[in-house]
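Trainee: please work out how this folds:
(one chain, ligands or ions: 1)
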Amino acid sequence: MATARPKVSPLPNDARGEAAAEAPPVFDNAFRDELATLIAWRRDVRRFCTDPVPQAILDDVLAQADMAPSVGNSQPWRWVSVDSAERRAFITESFKRENNLAAEAYDPATRDHYLQLKLAGLKNAPVHYAVFCDHDTEQGRELGRKTMPEMLDYSAVLSVHTFWLAARARGVGVGWVSILDPKAVSRALEVPEAWRLVAYLCVGWPEAEHIDPELERAKWQARTPMKIYQR
Ligand SMILES: Cc1cc2nc3c(=O)[nH]c(=O)nc-3n(C[C@H](O)[C@H](O)[C@H](O)COP(=O)(O)O)c2cc1C
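Mentor: Sure, this is the predicted structure:
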């Protein structure tokens, strides 16, 4: 039998007296519109200003990234702030190497187009995070990952996406760099063997804001409407 949907109080939180702290929030149309705007304006950013991002903002955003859903409540994400200039330089070299290899795999015309794309903001981004998934974690007691162990990695991805949205809500841009040799990055950052690289993120204030993705602007790949399959 279907359960009736609980009635949500129309009162704002502060009008509910002592129960306010425990009461679920009411999301109104204005909030929904703002959320839709946030989702539409979240961009993968490759062009950053070099101005620093205050640590308090980063701490807030990281705290939200830590609230992402995870299989078995395992929270397998491991965020590494890459601060050392030498390590950043090593990772930038890995990007250049892998990017050239990727370019070589295309036919000449596509290669030219590919090489014009800006696919990382490693030089200017004031903040770099490498996000790993800890495959040795006991947290979550293996719940939900017996038949699909990749759920652990997917959980780490959700932490990245939560960070991405929370950062954008504060005007901070995030760029995901995947054109890297993950083993070389793990070695450079001296992380435990069981940590697998999920994302390398460039973070900072965007140089410009656009509602359309950079790859769409560069005529590489436009968005297409989602098709819902029915069976
Ligand atoms: C898993 C993942 C890996 C990505 N890797 C790269 C990358 O290496 N370089 C890059 O420029 N963009 C990368 N992106 C960003 C995508 O190109 C971008 O999300 C897509 O073009 C849509 O643009 P938007 O994020 O601005 O909506 C990556 C995104 C995801 C989700």
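Trainee: just give the nearest non-adjacent residue to the residue nearest the centre of the chain, would you?
Mentor: Nearest to the geometric centre of the chain sits V160, at 3.1 Å (Cα atoms, centre = their mean). Nearest residue to V160, sequence neighbours excluded (Cβ to Cβ, 6 or more residues apart in numbering): A199, at 4.8 Å. Just so you know, the C-beta spots here come from the backbone N, C-alpha and C atoms, and that holds for glycine as well.
Trainee: for that neighbour, give me phi and psi.
Mentor: phi -150, psi 150 (degrees, to the nearest 10).
Trainee: distance of it relative to R217?
Mentor: 23 Å (Cβ to Cβ, to the nearest Å).
Trainee: got the residues of this structure near the ligand?
Mentor: Neighbours of the ligand within the chain, by Cβ under 6 Å from any ligand atom: 43-44, 46, 119-120, 176-179, 213, 215.
Trainee: from these, which land in strands?
Mentor: 176-177 (DSSP state E).
Trainee: picking that back up, of A199 and R217, who's got more company?
Mentor: A199 (23 against 10; other Cβ atoms under 10 Å).
Trainee: which helix or strand contains the residue nearest to the centre of the chain?
Mentor: In the assignment (DSSP states H and E), V160 maps to helix 151-169.
Trainee: name the helices or strands packed onto that helix?
Mentor: helix 29-41, helix 55-65, strand 77-81, strand 127-134, strand 173-177, strand 195-204 (3 or more Cβ pairs under 8 Å, 6 or more residues apart in numbering; DSSP states H and E).
Trainee: flag the shaky bits of this structure, pLDDT-wise.
Mentor: 1-21 (pLDDT under 70).
Trainee: the residue nearest to the centre of the chain reaches L201, doesn't it?
Mentor: Yes. In this structure, V160 is within contact of L201 by Cβ atoms under 8 Å, at 7.0 Å.
Trainee: and for those two, which residues touch both?
Mentor: 131, 176 (Cβ atoms under 8 Å, 6 or more residues apart in numbering).
Trainee: buried deepest among the helices and strands packed on helix 151-169, which one?
Mentor: strand 173-177 (a mean of 24; mean count of other Cβ atoms under 10 Å).
Trainee: just the C-alphas of that one, formatted as CSV.
Mentor: The C-alpha coordinates for strand 173-177 follow below in CSV (Å, rounded to 0.1, in the frame of the first residue of the first chain):
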residue,chain,number,x,y,z
GLY,A,173,35.3,27.5,-10.8
VAL,A,174,36.3,23.9,-11.1
GLY,A,175,38.0,22.2,-14.0
TRP,A,176,38.3,18.4,-14.2
VAL,A,177,41.6,17.1,-15.7
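Trainee: can you name the next helix or strand after it?
Mentor: Following strand 173-177 in sequence, per DSSP H and E, is helix 182-189.
Trainee: so which elements touch that next one?
Mentor: Checked by 3+ Cβ pairs under 8 Å, 6+ apart, helix 182-189 has helix 85-104, strand 127-134, strand 195-204 packed alongside it.
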